[in-house]
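[1] Here is my input, please return the structure:
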Amino acid sequence: MSTADSQSAGRYDDELGHVNPLELARLRAITTAFDPDTEQRLAALRVPQDGRCLEVGAGTGTTAVWLAARCSRGRVTATDLDLTLMPRDRPDNLDVVRHDVTVDEFPEHSFDLIHARFVLMHLPQREQVVERMRRWLVPGGTLHIEELVNFPCAGMPETSPLRRGIETAWSMLAASYGMERNWGTRAASVLTRCGYREVMAEASLPASHPGAPVAEVSRLSLTTLTPALVERGLLSEEEVEAGIAELLDPARISFPLAVIAVRGRR
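    Predicted structure coming up:
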């Protein structure tokens with residue numbers, strides 16, 4: 001990793017890292033909002049009970065624990081740069097490893113399945129990582145990635161405070177940390193170019209309204225990023241609060257985020 005990449009990673013960690021007091025709540029909201037669809041997609045892959053799985057960017061570990069139960073005679077490796085939020089009481093067939101997917105390796109043919117959710121979109125080296133992970137798969141093994149895509153336009157006028165808040169936050173993350181807001185729309189083409197076979201993609205578009213899990217994800221994300229948005233002069237606190245108020249308005253339904261899931265086989 002270059003010095004510039006390391007500095008960007010450090011700044012990103014300052015805003016959305018595990019040391020942030022809201023990060024655990026935000027990750028739990030992501031779990032509530034997106035785990036059911038993730039589990040349904042992974043179950044459809046029919047990974048054998050003795051399969052070897054890699055969960056990249058495991059966060060709080062919910063998907064890794066689910067995979068360990070699914071592959072009860074196999075082995076699951078969960079990785080992250082920060083392991084403090086992983087459960088201490090975990091299955092015997094679940095290994096937790098501190099691992100930087102941009103520089104650290106695994107042996108060739110290590111895994112039947114590699115899964116990463118909302119990880120590669122944050123990494124400037126995302127395409128090189130996709131290429132490297134192919135070597136870690138056994139022949140016929142599957143890479144399955146899920147990415148958020150900036151989708152605030154549906155149902156939101158240009159004057160919408162929520163739309164402005166979401167778009168400004170995404171633009172700040174892209175400019176400051178190398179996140180690519182629409183990486184998910186390119187991921188299938190990248191997998192194909194890297195030699196994956198049977199590449200497939202699908203999208204989901206959860207509706208946001210008060211009480212919906214995706215609304216809580218958006219609220220916590222905007223709240224977490226407010227200090228950085230204000231410090232950089234991109235939005236005022238009042239402007240962010242107006243966006244959150246719109247998010248919580250029971251008379252409004254919006255579609256702030258789409259999820260694109262892409263898979264391919266070695």
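
[2] Give the buried residues for stretch 89-97.
    Within stretch 89-97, the residues scored as buried using 16 or more other C-beta atoms under 10 Å are 90, 93, 94, 96. Placement of C-beta: from N, CA and C, glycine included.

[3] And these, which is closest to residue 122?
    Nearest to residue 122 among those, counting by C-beta to C-beta, is residue 96 at 20.3 Å.

[4] doesn't residue 58 make contact with the closest one?
    Yes: Residue 96 is within contact range of residue 58, at 7.4 Å (criterion: C-beta atoms under 8 Å).

[5] Can you check which strand is longest in this structure?
    strand 137-150 (DSSP state E).

[6] ok so, going back, which pair in the buried residues of stretch 89-97 has the greatest spatial separation?
    Using C-beta to C-beta, the buried residues of stretch 89-97 span at most 11.8 Å, a distance reached by 93 and 96.

[7] Report the separation between the closest residue to residue 180 other than its chain neighbours and residue 214.
    Nearest non-adjacent residue to residue 180, counting by C-beta to C-beta, 6 or more residues apart in numbering: residue 121, 5.9 Å away. According to C-beta to C-beta, to the nearest Å, residue 121 and residue 214 sit 16 Å apart.

[8] any weak-confidence spans in the stretch 1-150 of the chain?
    1-19 (pLDDT under 70).

[9] contacts for the helix or strand where residue 175 lies?
    Taking DSSP states H and E as the definition, residue 175 sits inside helix 161-177. By C-beta atoms under 8 Å, 6 or more residues apart in numbering, the list of residues contacting helix 161-177 from outside reads 8-9, 11-12, 122, 150, 152-153, 156-157, 179-181, 218, 221-222, 225, 228-229, 232, 234-235, 239-240, 242-247, 254, 256.

[10] And it, what's buried?
    161-170, 172-173, 177.

[11] so after it, what's the next helix or strand?
    By DSSP H and E, the next helix or strand past helix 161-177 is helix 183-193.

[12] hmm, back to that, dump the buried residues of stretch 89-97 into JSON lines; add distance to residue 142 and secondary structure as well.
    Output for these, formatted as JSON lines (distance: C-beta to C-beta, whole Å; DSSP: H, G, I helix; E, B strand; the rest coil):
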{"residue": "90", "distance to residue 142": "23", "secondary structure": "coil"}
{"residue": "93", "distance to residue 142": "19", "secondary structure": "coil"}
{"residue": "94", "distance to residue 142": "19", "secondary structure": "strand"}
{"residue": "96", "distance to residue 142": "22", "secondary structure": "strand"}
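
[13] got TSV for those, with distance to residue 138 too?
    TSV is the format used below for these (distance: C-beta to C-beta, whole Å):
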residue	distance to residue 138
90	24
93	18
94	19
96	22
